[in-house]
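Peer 1: Dropping the sequence and predicted coords here.
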Amino acid sequence: METKNQKNGNIVAETANNTFTPSDSYNTLLKGNRDWVQRQLDSDAEYFTKLAKGQSPEVLWIGCSDSRVPANEVTGTKPGEVFVHRNIANVCVHSDMNLLSVMDYAVNVLKVKHVIVAGHYGCGGVAAALTNKQFGLIDNWLRNIKDVYRLHSHELERITDHETKVNRLVELNVTEQVYNVCKTTIIQNAWKERSDLHVHGWVIDLKSGLVKDLKVSSSGSKSLGYVYEVEKAEAAH
(Lines give C-alpha, C1' and ligand atoms only; values in the text may rest on other atoms or scores of the structure.)
Protein backbone atom coordinates (compact mmCIF):
# COMPACT_ATOMS: atom_id res chain seq x y z
CA MET A 1 0.00 0.00 0.00
CA GLU A 2 1.31 3.44 -0.88
CA THR A 3 0.37 6.79 0.65
CA LYS A 4 1.70 10.30 0.13
CA ASN A 5 2.43 12.81 2.88
CA GLN A 6 4.06 16.24 3.09
CA LYS A 7 7.48 16.47 4.75
CA ASN A 8 9.61 19.62 4.93
CA GLY A 9 7.88 20.96 1.82
CA ASN A 10 8.66 17.79 -0.15
CA ILE A 11 6.31 15.10 -1.35
CA VAL A 12 7.07 11.84 0.44
CA ALA A 13 5.96 8.50 -0.99
CA GLU A 14 5.48 5.93 1.75
CA THR A 15 5.29 2.18 1.29
CA ALA A 16 4.95 -0.54 3.87
CA ASN A 17 8.73 -0.76 4.27
CA ASN A 18 10.34 2.43 2.88
CA THR A 19 9.95 6.17 2.60
CA PHE A 20 11.35 7.95 -0.48
CA THR A 21 11.73 11.62 -1.33
CA PRO A 22 12.35 13.07 -4.80
CA SER A 23 15.93 13.85 -3.75
CA ASP A 24 16.74 10.18 -3.14
CA SER A 25 17.39 9.38 -6.81
CA TYR A 26 19.58 12.49 -7.09
CA ASN A 27 21.62 11.56 -4.02
CA THR A 28 21.97 8.05 -5.43
CA LEU A 29 23.75 9.56 -8.44
CA LEU A 30 26.25 11.38 -6.23
CA LYS A 31 26.91 8.24 -4.20
CA GLY A 32 27.27 6.26 -7.40
CA ASN A 33 29.93 8.70 -8.57
CA ARG A 34 31.91 8.39 -5.34
CA ASP A 35 31.67 4.60 -5.49
CA TRP A 36 32.81 4.57 -9.13
CA VAL A 37 35.77 6.84 -8.34
CA GLN A 38 36.82 4.57 -5.50
CA ARG A 39 36.61 1.45 -7.66
CA GLN A 40 38.82 3.06 -10.29
CA LEU A 41 41.37 4.16 -7.69
CA ASP A 42 41.39 0.73 -6.08
CA SER A 43 42.25 -0.72 -9.49
CA ASP A 44 44.71 2.00 -10.54
CA ALA A 45 45.82 4.81 -8.22
CA GLU A 46 46.87 6.89 -11.27
CA TYR A 47 43.63 6.33 -13.22
CA PHE A 48 42.31 9.89 -13.10
CA THR A 49 45.75 11.45 -13.42
CA LYS A 50 46.16 9.63 -16.73
CA LEU A 51 42.57 10.29 -17.83
CA ALA A 52 42.97 14.04 -17.29
CA LYS A 53 45.95 14.23 -19.65
CA GLY A 54 43.74 14.04 -22.74
CA GLN A 55 41.75 11.83 -25.09
CA SER A 56 42.61 9.96 -28.26
CA PRO A 57 39.47 8.04 -29.26
CA GLU A 58 39.40 6.18 -32.55
CA VAL A 59 35.60 6.12 -32.71
CA LEU A 60 32.84 8.72 -33.09
CA TRP A 61 29.51 7.28 -31.95
CA ILE A 62 26.34 8.93 -33.26
CA GLY A 63 23.59 7.24 -31.31
CA CYS A 64 20.08 7.57 -29.95
CA SER A 65 19.45 9.46 -26.70
CA ASP A 66 17.61 6.42 -25.31
CA SER A 67 18.99 5.66 -21.85
CA ARG A 68 19.32 1.95 -22.65
CA VAL A 69 22.04 2.31 -25.28
CA PRO A 70 25.12 4.00 -23.75
CA ALA A 71 28.07 3.80 -26.14
CA ASN A 72 30.77 2.65 -23.72
CA GLU A 73 28.68 -0.10 -22.15
CA VAL A 74 27.43 -1.41 -25.50
CA THR A 75 30.96 -1.63 -26.91
CA GLY A 76 32.77 -2.62 -23.72
CA THR A 77 35.06 0.40 -23.99
CA LYS A 78 36.53 2.71 -21.36
CA PRO A 79 36.28 6.49 -20.86
CA GLY A 80 38.47 8.19 -23.45
CA GLU A 81 37.95 5.55 -26.15
CA VAL A 82 34.68 6.73 -27.76
CA PHE A 83 33.67 10.29 -28.69
CA VAL A 84 29.88 10.55 -28.46
CA HIS A 85 27.00 12.49 -29.99
CA ARG A 86 23.43 11.45 -29.22
CA ASN A 87 19.99 12.69 -30.26
CA ILE A 88 16.47 11.37 -30.70
CA ALA A 89 16.60 8.43 -33.16
CA ASN A 90 20.25 9.02 -34.16
CA VAL A 91 19.34 11.44 -36.92
CA CYS A 92 22.11 13.11 -38.96
CA VAL A 93 20.84 16.35 -40.49
CA HIS A 94 23.02 18.62 -42.61
CA SER A 95 21.64 21.70 -40.81
CA ASP A 96 22.34 20.41 -37.27
CA MET A 97 25.28 22.56 -36.15
CA ASN A 98 25.65 20.54 -32.95
CA LEU A 99 26.19 17.31 -34.88
CA LEU A 100 28.43 18.96 -37.48
CA SER A 101 30.58 20.58 -34.79
CA VAL A 102 31.03 17.26 -33.01
CA MET A 103 31.84 15.51 -36.29
CA ASP A 104 34.29 18.20 -37.37
CA TYR A 105 36.18 18.02 -34.08
CA ALA A 106 36.17 14.23 -34.05
CA VAL A 107 37.34 13.85 -37.65
CA ASN A 108 39.71 16.79 -38.06
CA VAL A 109 41.15 17.23 -34.56
CA LEU A 110 40.87 13.85 -32.86
CA LYS A 111 41.40 12.03 -36.16
CA VAL A 112 38.95 9.23 -35.37
CA LYS A 113 39.11 6.24 -37.69
CA HIS A 114 35.50 5.09 -37.37
CA VAL A 115 32.20 6.96 -37.37
CA ILE A 116 29.36 4.70 -36.23
CA VAL A 117 25.69 5.59 -36.61
CA ALA A 118 23.99 3.38 -34.01
CA GLY A 119 20.25 2.86 -33.83
CA HIS A 120 18.33 0.33 -31.77
CA TYR A 121 15.30 -1.86 -32.28
CA GLY A 122 12.14 -0.64 -30.59
CA CYS A 123 13.17 3.03 -30.97
CA GLY A 124 10.38 5.28 -29.70
CA GLY A 125 11.25 8.10 -32.08
CA VAL A 126 11.06 5.81 -35.09
CA ALA A 127 7.78 4.31 -33.86
CA ALA A 128 6.33 7.81 -33.41
CA ALA A 129 7.34 8.73 -36.97
CA LEU A 130 5.22 5.85 -38.26
CA THR A 131 2.05 7.45 -36.85
CA ASN A 132 0.03 10.53 -37.82
CA LYS A 133 -0.17 11.78 -34.24
CA GLN A 134 1.11 15.16 -33.11
CA PHE A 135 3.58 15.07 -30.22
CA GLY A 136 4.61 18.72 -30.05
CA LEU A 137 7.96 20.33 -30.83
CA ILE A 138 9.55 16.94 -31.53
CA ASP A 139 7.33 16.58 -34.62
CA ASN A 140 9.77 18.85 -36.46
CA TRP A 141 12.62 16.46 -35.65
CA LEU A 142 10.61 13.33 -36.40
CA ARG A 143 9.90 14.69 -39.87
CA ASN A 144 13.44 13.67 -40.81
CA ILE A 145 12.48 10.06 -40.05
CA LYS A 146 9.19 10.47 -41.91
CA ASP A 147 11.28 11.40 -44.94
CA VAL A 148 12.98 8.02 -44.63
CA TYR A 149 9.55 6.40 -44.28
CA ARG A 150 8.35 8.13 -47.46
CA LEU A 151 11.48 7.09 -49.34
CA HIS A 152 10.95 3.43 -48.43
CA SER A 153 7.15 3.36 -48.12
CA HIS A 154 6.83 0.81 -50.94
CA GLU A 155 8.60 -1.73 -48.72
CA LEU A 156 7.29 -0.65 -45.31
CA GLU A 157 3.62 -0.60 -46.32
CA ARG A 158 3.84 -4.31 -47.16
CA ILE A 159 4.81 -5.14 -43.56
CA THR A 160 1.70 -5.87 -41.48
CA ASP A 161 3.26 -6.66 -38.10
CA HIS A 162 3.80 -3.38 -36.21
CA GLU A 163 6.96 -4.39 -34.35
CA THR A 164 8.54 -5.76 -37.50
CA LYS A 165 7.63 -2.56 -39.34
CA VAL A 166 9.17 -0.34 -36.65
CA ASN A 167 12.35 -2.39 -36.59
CA ARG A 168 12.69 -2.34 -40.36
CA LEU A 169 12.35 1.44 -40.34
CA VAL A 170 15.01 1.53 -37.61
CA GLU A 171 17.38 -0.25 -40.02
CA LEU A 172 16.45 1.95 -42.97
CA ASN A 173 16.83 5.08 -40.85
CA VAL A 174 20.35 4.07 -39.79
CA THR A 175 21.26 3.36 -43.41
CA GLU A 176 20.01 6.76 -44.59
CA GLN A 177 21.80 8.54 -41.73
CA VAL A 178 25.04 6.79 -42.70
CA TYR A 179 24.61 8.22 -46.20
CA ASN A 180 23.87 11.65 -44.72
CA VAL A 181 27.12 11.52 -42.74
CA CYS A 182 29.04 10.54 -45.87
CA LYS A 183 27.49 13.41 -47.83
CA THR A 184 28.98 16.04 -45.51
CA THR A 185 32.01 18.00 -46.69
CA ILE A 186 33.61 17.10 -43.34
CA ILE A 187 33.78 13.42 -44.24
CA GLN A 188 34.43 13.87 -47.96
CA ASN A 189 37.31 16.29 -47.40
CA ALA A 190 38.79 13.94 -44.81
CA TRP A 191 38.64 11.10 -47.34
CA LYS A 192 40.70 13.20 -49.72
CA GLU A 193 43.43 13.49 -47.09
CA ARG A 194 43.47 9.98 -45.61
CA SER A 195 42.26 6.46 -46.26
CA ASP A 196 41.77 5.25 -42.69
CA LEU A 197 38.34 6.84 -42.07
CA HIS A 198 35.31 4.54 -42.21
CA VAL A 199 31.59 5.19 -41.65
CA HIS A 200 29.41 2.32 -40.38
CA GLY A 201 25.75 1.59 -39.58
CA TRP A 202 24.76 -0.48 -36.55
CA VAL A 203 21.52 -1.52 -34.87
CA ILE A 204 21.48 -2.71 -31.26
CA ASP A 205 19.05 -5.43 -30.25
CA LEU A 206 17.93 -4.52 -26.74
CA LYS A 207 16.60 -8.05 -26.20
CA SER A 208 20.06 -9.58 -26.59
CA GLY A 209 22.44 -6.63 -26.26
CA LEU A 210 24.10 -7.65 -29.53
CA VAL A 211 24.99 -5.31 -32.38
CA LYS A 212 23.84 -5.96 -35.94
CA ASP A 213 26.23 -4.55 -38.53
CA LEU A 214 24.04 -3.40 -41.44
CA LYS A 215 26.95 -3.81 -43.89
CA VAL A 216 26.66 -0.26 -45.21
CA SER A 217 30.20 0.75 -44.29
CA SER A 218 31.93 3.28 -46.52
CA SER A 219 35.49 4.56 -46.80
CA GLY A 220 35.15 6.79 -49.86
CA SER A 221 32.74 9.05 -51.70
CA LYS A 222 32.42 6.91 -54.83
CA SER A 223 29.29 5.17 -53.55
CA LEU A 224 27.45 8.50 -53.16
CA GLY A 225 27.05 9.22 -56.85
CA TYR A 226 28.04 12.39 -58.69
CA VAL A 227 25.18 14.48 -57.22
CA TYR A 228 26.61 14.41 -53.71
CA GLU A 229 30.29 13.98 -54.43
CA VAL A 230 32.14 17.27 -53.86
CA GLU A 231 35.44 18.61 -55.09
CA LYS A 232 38.06 20.07 -52.80
CA ALA A 233 37.26 23.60 -51.70
CA GLU A 234 39.08 26.41 -53.47
CA ALA A 235 40.25 29.59 -51.79
CA ALA A 236 38.32 32.74 -52.71
CA HIS A 237 40.21 35.24 -54.88
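Peer 2: Done, it's in.

Peer 1: Show me this structure divided up by domain.
Peer 2: 1-53, 56-221 (automatic domain parsing).

Peer 1: State the mean pLDDT of the longest one.
Peer 2: It stands for domain 56-221. Average pLDDT, domain 56-221: 97.

Peer 1: Between the two ends of it, how far is it?
Peer 2: 25 Å (C-alpha to C-alpha, to the nearest Å).

Peer 1: oh, and call the first residue 97 from now on, that's how I've got it
Peer 2: Renumbered: residue one is now 97, and that last one reads domain 152-317.

Peer 1: what about that domain, distance to the chain center?
Peer 2: Put simply, domain 152-317 sits 6 Å off its chain's centre (C-alpha atoms, centre = their mean, to the nearest Å).

Peer 1: all helices of this structure, in order?
Peer 2: Taking DSSP state H, the helices of the chain run over residues 119-139, 143-147, 167-171, 193-204, 220-225, 235-247, 249-252, 258-279, 281-289.

Peer 1: and the residue nearest the centre of the chain, what does it touch?
Peer 2: Residue closest to the average C-alpha location in the chain (C-alpha atoms, centre = their mean): G159, at 1.0 Å. Going by C-beta atoms under 8 Å, 6 or more residues apart in numbering, G159 touches 165, 167, 180-182, 186, 212-215. C-betas here are computed from N, CA, C, even on glycine.

Peer 1: Apply 10 Å and report the result again.
Peer 2: Residues in contact with G159, defined by C-beta atoms under 10 Å, 6 or more residues apart in numbering, are 165-167, 170, 178, 180-183, 185-186, 212-216, 298, 300.

Peer 1: Which among those count as buried?
Peer 2: Among these, those classed as buried by neighbour count (16 or more other C-beta atoms under 10 Å) are 165, 167, 170, 178, 180-183, 185-186, 212-216, 298, 300.

Peer 1: Looking at the residues you listed, which are in strands?
Peer 2: Of the positions in the buried ones among the contacts of G159, 178, 180-183, 212-216, 298, 300 sit in strands, assigned by DSSP state E.

Peer 1: out of the helices of the chain, nearest to P153?
Peer 2: helix 193-204 (7.7 Å; C-beta to C-beta).

Peer 1: Buried ones in that closest one, by neighbour count?
Peer 2: Those would be 195-196, 198-200, 202-203, for helix 193-204 by 16+ other C-beta under 10 Å.

Peer 1: ok, now stretch 232-251?
Peer 2: 237-238, 240-242, 244-245, 248.

Peer 1: And for stretch 150-165?
Peer 2: 153, 155-160, 162, 165.

Peer 1: Let's have those in CSV, adding distance to L268.
Peer 2: Converted to CSV, those look like this (distance: C-beta to C-beta, whole Å):
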residue, distance to L268
P153, 28
V155, 23
L156, 22
W157, 20
I158, 16
G159, 17
C160, 15
D162, 18
V165, 18
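
Peer 1: which one of these sits closest to V266?
Peer 2: For those, the nearest to V266 is C160 (9.4 Å; C-beta to C-beta).

Peer 1: No more questions from me, cheers.
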